[in-house]
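Asks: Below is the structure, and that's it, no one-letter string:
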């Protein structure tokens with residue numbers, strides 16, 4: 001009985017998460033979804049993929065999409081490298097009481113809201129001459145304090161005996177870090193990949209502030225302007241949003257096994 005109740009609750013939770021996505025897809029397949037007065041009429045009326053073809057061919061949507069792919073991918077790869085190496089240093093080289101304050105400074109950054117650094121960061125971009133460039137969209141986000149914290153906590157659960165054995169065999173420090181320890185961190189690095197990519201794929205505030213050139217806008221900013229120009233044309237807007245969700249869904253499906261492994265790694269004990 002308890003198991004049945006658990007599955008019922010989980011089913012309702014899953015339905016609550018899937019329903020918005022399903023409604024978005026349904027609206028995107030209608031030419032004028034705002035004309036329908038009931039959900040049944042919306043569901044039984046004719047479908048069309050014209051909204052998707054229009055989205056790709058109008059208002060620089062392809063440019064916005066490619067810009068988001070470029071920015072999110074570069075930031076994600078950089079975070080995987082810098083967060084992992086920084087976390088390794090904190091977990092293995094500076095994991096003492098005397099140097100704990102260094103890691104504390106990383107944690108303090110997590111308490112600073114993005115709105116607090118908005119104006120100073122904008123002035124910095126202006127001084128460097130990076131406004132309306134890819135540098136403003138990418139360089140400030142090459143490393144994440146949360147990513148360092150996440151990977152460090154995972155590294156502390158990885159036995160050090162493997163590294164010591166590799167050193168005895170004559171392996172260099174770089175070989176130990178990237179060829180021995182890094183593969184063991186694949187589950188948590190997969191989680192970090194999805195988190196960083198999703199965060200910057202959906203980022204709106206700073207790309208909106210730093211870029212005014214239409215050819216450099218990312219997808220969330222482009223969709224905001226698209227919304228204004230189309231006077232809330234729900235069919236085209238939902239089609240654009242649906243296309244923008246595909247990379248994140250594909251990324252999650254690709255790393256699904258590693259993410260589940262990371263979430264359940266501490267659940268079972270021998």
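Replies: Done, it's in. Since the model is a prediction, treat every value here as computed from it, not as a measurement.
Asks: Identify each buried residue in stretch 151-171, please.
Replies: Residues 151-152, 154-155, 158, 163, 166 are the ones in stretch 151-171 that count as buried (16 or more other CB atoms under 10 Å). Bear in mind the C-beta positions are built from the backbone N, C-alpha and C, glycine included.
Asks: For the residue most central in space within the chain, which non-adjacent residue is closest in space?
Replies: In the chain, the residue lying closest to the centroid (CA atoms, centre = their mean) is residue 198, at 1.9 Å. Leaving aside its chain neighbours, residue 198 sits nearest to residue 248 (5.4 Å; criterion: CB to CB, 6 or more residues apart in numbering).
Asks: The one you found and residue 199 touch, don't they?
Replies: No: using CB atoms under 8 Å as the test, residue 248 is too far from residue 199 to be in contact (10.3 Å).
Asks: mind checking how far whatever helix or strand residue 9 lives in is from the chain centre?
Replies: Using DSSP states H and E, residue 9 maps to helix 2-28. Offset of helix 2-28 from its chain centre (CA atoms, centre = their mean, to the nearest Å): 22 Å.
Asks: Pretty sure the residue nearest to the centre of the chain sits against residue 247.
Replies: No: Residue 198 is beyond contact range of residue 247, at 9.4 Å (criterion: CB under 8 Å).
Asks: if we can go back for a sec, ok, residues contacting whichever strand or helix holds the residue nearest to the centre of the chain?
Replies: In this structure, residue 198 is located in helix 186-201 according to DSSP H and E. With contact meaning CB atoms under 8 Å, 6 or more residues apart in numbering, helix 186-201 is reached by 68, 71-73, 75-76, 79-80, 83-84, 141, 144, 146-147, 150-151, 154, 182, 219, 244, 247-248, 251-252, 255, 258-259, 261-263, 265.
Asks: Counting neighbours, which bits of it end up buried?
Replies: Quick answer for helix 186-201 (16+ other CB under 10 Å): 187-201.
Asks: What is the nearest of these to residue 5?
Replies: Closest approach between these and residue 5, by CB to CB: residue 191, at 29.5 Å.
Asks: so where's the stretch 151-270 of the chain uncertain?
Replies: Where the stretch 151-270 of the chain drops to pLDDT under 70, the residues are 226-233, 261-270.
Asks: Please, where are all the helices along it?
Replies: 161-168, 173-175, 182-184, 186-201, 205-210, 219-229, 234-254, 256-264 (DSSP state H, counting those that start in this stretch).
Asks: among those helices, which is nearest residue 3?
Replies: Of the helices of the stretch 151-270 of the chain, the one closest to residue 3 (CB to CB) turns out to be helix 256-264, at 18.5 Å.
Asks: Please name the nearest non-neighbouring residue to residue 33.
Replies: residue 27 (4.6 Å).
Asks: residues touching that neighbour, list them.
Replies: 33, 42, 234-235, 238.
Asks: rerun that using 7 Å as the cut-off
Replies: Going by CB atoms under 7 Å, 6 or more residues apart in numbering, residue 27 touches 33, 234-235, 238.
Asks: rewinding a little: redo the buried residues of stretch 151-171 as a markdown table? Include distance to residue 172.
Replies: Shown next, in a markdown table, are these (distance: CB to CB, whole Å):
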| residue | distance to residue 172 |
| --- | --- |
| 151 | 21 |
| 152 | 22 |
| 154 | 23 |
| 155 | 19 |
| 158 | 19 |
| 163 | 12 |
| 166 | 9 |
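Asks: Identify the farthest-apart pair in the residues you listed.
Replies: 152 and 166 (20.2 Å).
Asks: sorry, back to before: among the helices of the stretch 151-270 of the chain, which comes closest to residue 132?
Replies: Of all the helices of the stretch 151-270 of the chain, helix 205-210 comes closest under CB to CB, at 7.5 Å.
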